[in-house]
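Student: I'll drop the sequence and a predicted model, then ask my questions.
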Amino acid sequence: MEKYVIRGGRPLKGTVQVSGAKNAALGIIAASIMTDDPVLIENMPNVNDIGVMLDAIVSMGGSVEKKDAHTYLICGNGVSTEDAEGTDILRRIRAGYYFIGAMLGKNGYACVPLPGGCNIGSRPIDQHIKGFTALGADVRVENGVVTAKVGDTPLHGAHIYFDVVSVGATINVMMAASMADGQTILENVAKEPHIVDAANFLNSMGANIRGAGTDTIRIRGVKKFHKSSYAIIPDQIEAGTFMCMAAMTRGDVIVNNVIPKHLESITAKLREMGNVVFEYDEAVEVIGEAVQRRTDVKTLPYPGFPTDMQPQITTALCLAKGTSIVTESIFESRFKYVDELRLMGANITINGNVAIISGIDRLSGAYMTAPDLRAGAALVMAALAANGQSTVENISYILRGYENFDEKLRGIGGDIVCIDS
């Protein structure tokens with residue numbers, strides 16, 4: 001196993017390049033098999049979760065050709081999910097469930113293992129099942145496998161109101177509905193940037209989807225998709241992570257290849273803390289002030305503050321003056337990393353889904369273990385800001401979602417090395 005060894009206490013300074021959005025890429029990769037024609041996808045992040053999705057396509061009978069580190073040609077001709085054991089690779093990541101919507105829309109049948117991923121709380125697929133059922137599919141969950149199929153009649157349009165806002169269900173049902181007969185209306189949908197990106201990609205293959213990014217999505221089903229070439233949007237969570245790192249280390253970092261509008265909730269909180277944030281056309285610059293103030297944060301669906309940035313902002317607030325309150329309203333088990341921060345001297349109290357952070361002057365180096373993807377990145381951030389040496393183990397979580405993480409950090413002055421433990 002690999003681990004990071006980090007010497008902290010120096011401000012991060014320089015320019016860092018953000019990769020393609022992992023969360024957008026996962027849905028788009030699944031959607032790419034909905035046509036038998038080749039699909040070229042650019043700006044693909046080179047992270048472990050993406051590799052799992054691409055391997056899954058090959059294991060299901062499709063083909064994947066790597067053009068370069070960030071460009072792939074995918075062909076879904078011959079893909080089948082009939083053998084659930086053959087798709088067992090999908091148990092390793094949460095996004096494997098996207099193949100249900102993709103295959104149900106394309107072939108009227110899907111058989112996919114229940115998803116895995118980070119253990120950050122309950123993430124049921126009941127809204128996915130509700131949507132597929134409304135479209136006319138028979139969905140069963142047995143022995144850890146989801147089977148969805150249509151009967152004598154094909155999928156048909158429906159008016160679906162989601163009980164809760166769900167990114168996964170929105171993308172999954174949108175994919176299936178895009179090849180169903182008639183019109184589908186999805187209400188109370190998620191509005192995250194990767195919802196819009198998935199819809200734009202589907203439209204590039206011939207889908208007829210309108211309203212992505214709003215509360216209501218309207219879909220007119222089509223019979224067949226065609227080849228496409230598409231570039232994935234920048235990763236707002238990777239960008240937000242580097243923004244928080246610049247603030248916490250009292251540095252000055254330009255984060256390149258971003259869409260500033262996607263980062264508005266993060267920018268607002270960093271400014272409330274007293275930091276300086278400049279927005280450019282495709283970049284943001286964060287200057288961390290020496291003395292930073294407390295603030296309160298509550299995670300909410302987009303355009304609210306993202307749950308995937310909660311560990312990073314909580315960690316940054318450890319060195320802010322005063323008492324801050326962070327409320328996690330999306331997942332119930334997302335404060336597991338707090339015990340690791342306490343090893344560094346952080347003063348954090350957890351009360352249910354609320355973290356109460358009393359700011360201190362400095363953190364000290366410690367030996368820590370990453371409990372999940374985003375928390376792992378937050379622990380690295382804390383180590384970069386702390387006095388002395390720290391070690392972060394279990395970095396396989398971090399490698400699932402951050403491309404060349406240690407290399408990018410060294411490029412902006414971070415003293416971090418990856419070694420085999």
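Tutor: Nice, I can see it. Residues are numbered from 1 along each chain as shown.
Student: show me what the helix or strand hosting residue 407 is packed up against.
Tutor: Applying DSSP states H and E as the criterion places residue 407 in helix 405-411. Packing contacts for helix 405-411, counted by 3 or more C-beta pairs under 8 Å, 6 or more residues apart in numbering; DSSP states H and E, involve strand 13-17, helix 373-385, strand 415-420. Yep, even glycine has a C-beta here, placed from its N, CA and C like the rest.
Student: could you redo the last one with a cut-off of 10 Å?
Tutor: strand 2-7, strand 13-17, helix 236-248, helix 373-385, helix 396-399, strand 415-420 (3 or more C-beta pairs under 10 Å, 6 or more residues apart in numbering; DSSP states H and E).
Student: okay, now the unreliable bits of the protein?
Tutor: 84-86, 116-123 (pLDDT under 70).
Student: next up, the contacts around residue 14.
Tutor: The neighbours of residue 14, taking C-beta atoms under 10 Å, 6 or more residues apart in numbering as the test, are 246, 251, 252, 253, 254, 408, 410, 411, 412, 413, 414.
Student: equivalent analysis for residue 131, please.
Tutor: 101, 125, 137, 139, 158, 160, 162, 166, 169-170, 172-174, 176-177, 184, 186 are the contacts of residue 131 under C-beta under 10 Å, 6+ apart.
Student: same thing but at 7 Å, please
Tutor: Residues in contact with residue 131 (C-beta atoms under 7 Å, 6 or more residues apart in numbering) are 160, 169, 173.
Student: do the same with residue 234
Tutor: Taking C-beta under 7 Å, 6+ apart, we find residue 234 in contact with 18, 20, 21, 257, 258, 259.
Student: export those to JSON lines and tack on distance to residue 276?
Tutor: Listed next are the contacts of residue 234 as JSON lines, based on distance: C-beta to C-beta, whole Å:
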{"residue": "18", "distance to residue 276": "20"}
{"residue": "20", "distance to residue 276": "28"}
{"residue": "21", "distance to residue 276": "26"}
{"residue": "257", "distance to residue 276": "21"}
{"residue": "258", "distance to residue 276": "17"}
{"residue": "259", "distance to residue 276": "20"}
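Student: got TSV for those, with secondary structure too?
Tutor: Putting the contacts of residue 234 into TSV (DSSP: H, G, I helix; E, B strand; the rest coil) gives the following:
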residue	secondary structure
18	coil
20	strand
21	coil
257	coil
258	coil
259	coil
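Student: relative to residue 45, which of those is nearest.
Tutor: Distance to residue 45 across those (C-beta to C-beta) is lowest for residue 20, with 4.5 Å.
Student: quickly note the distance from the closest one to residue 63.
Tutor: Counting by C-beta to C-beta, to the nearest Å, the gap from residue 20 to residue 63 is 21 Å.
Student: so which of the two has more stuff around it?
Tutor: Applying other C-beta atoms under 10 Å to residue 20 and residue 63 shows that residue 20 carries more neighbours, namely 25 against 14.
Student: and that one, what does it touch?
Tutor: Listed by C-beta under 7 Å, 6+ apart, the contact partners of residue 20 are 43, 44, 45, 70, 232, 234, 235.
Student: contacting residues for residue 306?
Tutor: Contacts of residue 306 (C-beta under 7 Å, 6+ apart): 237, 265, 299.
Student: could you give the bridge partners of the last one?
Tutor: Spelled out, it's residue 299. Listed beta-bridge partners, residue 299: residue 305 (assigned using DSSP bridges).
Student: okay, and which of the contacts of residue 131 map to helices?
Tutor: Among these, the residues falling in helices (DSSP state H) are 169, 173.
Student: nearest to residue 38, of the contacts of residue 131?
Tutor: Distances from residue 38 to those, taken by C-beta to C-beta, are shortest for residue 173, at 25.9 Å.
Student: apart from its chain neighbours, what residue comes closest to that closest one?
Tutor: Excluding the flanking residues, the one nearest residue 173 by C-beta to C-beta, 6 or more residues apart in numbering is residue 131, at 3.3 Å.
Student: go on, residue 12?
Tutor: residue 251 is the one closest to residue 12 (C-beta to C-beta, 6+ apart), at 3.7 Å.
Student: just give the number of residues close to the residue nearest to residue 40 when sequence neighbours are not counted.
Tutor: Among residues not flanking residue 40 along the chain, residue 229 sits closest, at 4.3 Å (C-beta to C-beta, 6+ apart). The tally of other residues near residue 229 (other C-beta under 10 Å) stands at 12.
Student: if I read this right, residue 229 contacts residue 38, doesn't it?
Tutor: No - here residue 229 lies out of contact with residue 38, judged by C-beta atoms under 7 Å, at a distance of 9.5 Å.
Student: shared neighbours, the two?
Tutor: What both residue 229 and residue 38 touch, as defined by C-beta under 7 Å, 6+ apart, is an empty set.
Student: now name the helix or strand holding the residue of the chain most remote from its centre.
Tutor: If you look at how far each residue of the chain sits from its centre, by C-alpha atoms, centre = their mean, the farthest one is residue 152, at 37.0 Å. Using DSSP H and E, residue 152 is not contained in any helix or strand.
Student: returning to that earlier point: in JSON lines, list the contacts of residue 306 along with distance to residue 384 and neighbour count.
Tutor: Formatted as JSON lines, these follow (distance: C-beta to C-beta, whole Å; neighbours: other C-beta atoms under 10 Å):
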{"residue": "237", "distance to residue 384": "18", "neighbour count": "24"}
{"residue": "265", "distance to residue 384": "23", "neighbour count": "19"}
{"residue": "299", "distance to residue 384": "23", "neighbour count": "21"}
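Student: and these as CSV, adding distance to residue 316?
Tutor: Formatted as CSV, the contacts of residue 306 follow (distance: C-beta to C-beta, whole Å):
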residue, distance to residue 316
237, 15
265, 14
299, 15
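Student: which one of these sits closest to residue 305?
Tutor: Distances from residue 305 to these, taken by C-beta to C-beta, are shortest for residue 265, at 4.5 Å.
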